[in-house]
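Student: Next input, structure requested:
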Amino acid sequence: MNNVETIISSYSDEINEHRVWLEPFGKQRLDKWKELLAVNPEAAICEALTRLFLSKQGVFVKPYEDLSRGGPDLICYISNISFYMEITCVTKEKVTKKSKLNDQPTGASYYELLTDVFRGELCNKVPQCSKLDAPCIVAICTLHRQGGAKCFGKIAVEDLLTGTTHVSMKFDPKQGQGVGKVYKSTDLRDSAFIRLDKTSTGQIDFARYPISAVLLCAFGYLQMKVVGALHPNPNYPFDRTLLDKIEFGRLAEGCIQTNRLNVEWI
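Tutor: The predicted model follows:
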C-alpha cells in the first residue's frame, strides 16, 4: 500500500464512524468530506478525530460551516453553553520538514518546535472565527507520531503564548562581554495572541481577538493527547471548565503590565 492507503487503512474505523455521523446532516456535507478524504486524507481524518474527541468529552457537536461562505467547522454545546470549533491539520510531511523528526520513533534526536507553524495556522484561521456570537477555538492537529509527542505539548503551548524564548544576557560594550545573570527573553515574533505595539515603546498589545483558545491535538498516538492555550483578551472568553479534562495554559495575571511573561496551567 502507498502512504495514503496506509493512513486511510489505519483509521478505517474512525472514517466509517464519521461517515455515519455526517449522513443525517445531508448528502452535500458528506460528499464534501469524502472529497477532502480523497484529496487530503490527513485533514479529513483530523476533522473526524477532533469531532470524536469532543464527543468523548461530553460535547454535543453539529456541523456549522456554510458550504458556500465558510465559517468554523463545528458548533458545540455543553451545559447549555455553545462554542465554535475550527479544525486545521499539520500534515506528516510538513511536521517532518519543519521539526526534522521522522514519523516513527528513532530514539534521541535533534528537533525544532513548530511555534511559527502554529502561529501561521492561527493567522489563516482568523477569518473563519470572525463575526460569531460565542467563543471560537482553533484545533491544530497532526497524525505525526514523533512530532505529536515532542512538538504538541506544554512547551509548545508556552512558546505559543509568549513567543519563542531565548537565553539572554546583558552586554557591556566597554568590557566587550556579557555581564550579569542569564535570563529568558522573547521578541514575541511567534506569539499567538500578543505582540509589541508599534505605536509605543515596548508596550504589549493583543492580536487575533476572534480566536478564544487553541487546542494542540496529537492524534498519532493510540491515545489522543490534547493541550490548550487561552487567549488573554479575546472577543469572547472561553470557559475552560467546559473541557475540564484538558489542561490549558494561559498568561499569568498581571504579566502583560509588568512585561514579565509567565505561563500558568489550569
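Student: Specify the beta-bridge partners of Pro63.
Tutor: According to DSSP bridges, the partner residues bridging Pro63 are Leu74.
Student: hang on, Asp159 is in a strand, isn't it?
Tutor: No. Judged by DSSP: H, G, I helix; E, B strand; the rest coil, Asp159 forms no part of a strand; its state is helix.
Student: What segments of the stretch 151-266 of the chain are strands?
Tutor: Shown for the stretch 151-266 of the chain, the strands assigned by DSSP state E, counting those that start in this stretch span residues 166-172, 177-185, 194-196, 204-206, 213-218, 225-230, 247-251, 263-265.
Student: Going by neighbour count, list what's buried in the last one.
Tutor: Using 16 or more other Cβ atoms under 10 Å as the burial criterion, the residues of strand 263-265 that qualify are Val263. Any C-beta I mention is one placed from the backbone N, CA and C, and that applies to glycine too.
Student: Now do that strand: which elements does it pack against?
Tutor: helix 154-162, strand 247-251 (3 or more Cβ pairs under 8 Å, 6 or more residues apart in numbering; DSSP states H and E).
Student: closest one to Lys98 among these?
Tutor: helix 154-162 (12.2 Å; Cβ to Cβ).
Student: Show me what the closest one is packed up against.
Tutor: helix 115-129, strand 213-218, strand 225-230, strand 247-251, strand 263-265.
Student: I'd like the average pLDDT over the longest one.
Tutor: Throughout helix 115-129, pLDDT has a mean value of 96.
Student: And for the second one?
Tutor: When pLDDT is averaged over strand 213-218, the result is 98.
Student: Pull that strand out as CSV, backbone CA atoms only.
Tutor: Only the C-alpha atoms of strand 213-218 are listed here, as CSV (Å, rounded to 0.1, in the frame of the first residue of the first chain):
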residue,chain,number,x,y,z
ALA,A,213,-8.4,29.4,22.5
VAL,A,214,-6.2,26.9,20.7
LEU,A,215,-6.1,23.1,21.1
LEU,A,216,-2.9,21.3,20.1
CYS,A,217,-4.1,17.8,19.2
ALA,A,218,-1.6,15.0,18.8
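Student: Just checking: what are the partner strands of it?
Tutor: Counting by DSSP bridges, strand 213-218 is paired with strand 136-142 (parallel), strand 225-230 (antiparallel).
Student: Helix 115-129 and that one, what's the angle between them?
Tutor: Angle, strand 213-218 to helix 115-129, by axes from the mean of the first three to the mean of the last three Cα atoms, to 10 degrees: 130 degrees.
Student: if we look at strand 213-218, which residues are touching it?
Tutor: 46, 49-50, 53, 118, 122, 135, 137-142, 147-149, 152-153, 156-157, 160, 192, 224-231, 234, 238, 240, 246, 248 (Cβ atoms under 8 Å, 6 or more residues apart in numbering).
Student: For ChimeraX, write the select line for the buried members of the residues you listed.
Tutor: Entered in ChimeraX, the line below selects the buried ones among those, by 16+ other Cβ under 10 Å:
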select :46,49,50,53,118,122,135,137,138,139,140,141,142,147,148,152,153,156,157,160,192,224,226,227,228,229,230,231,234,238,240,248
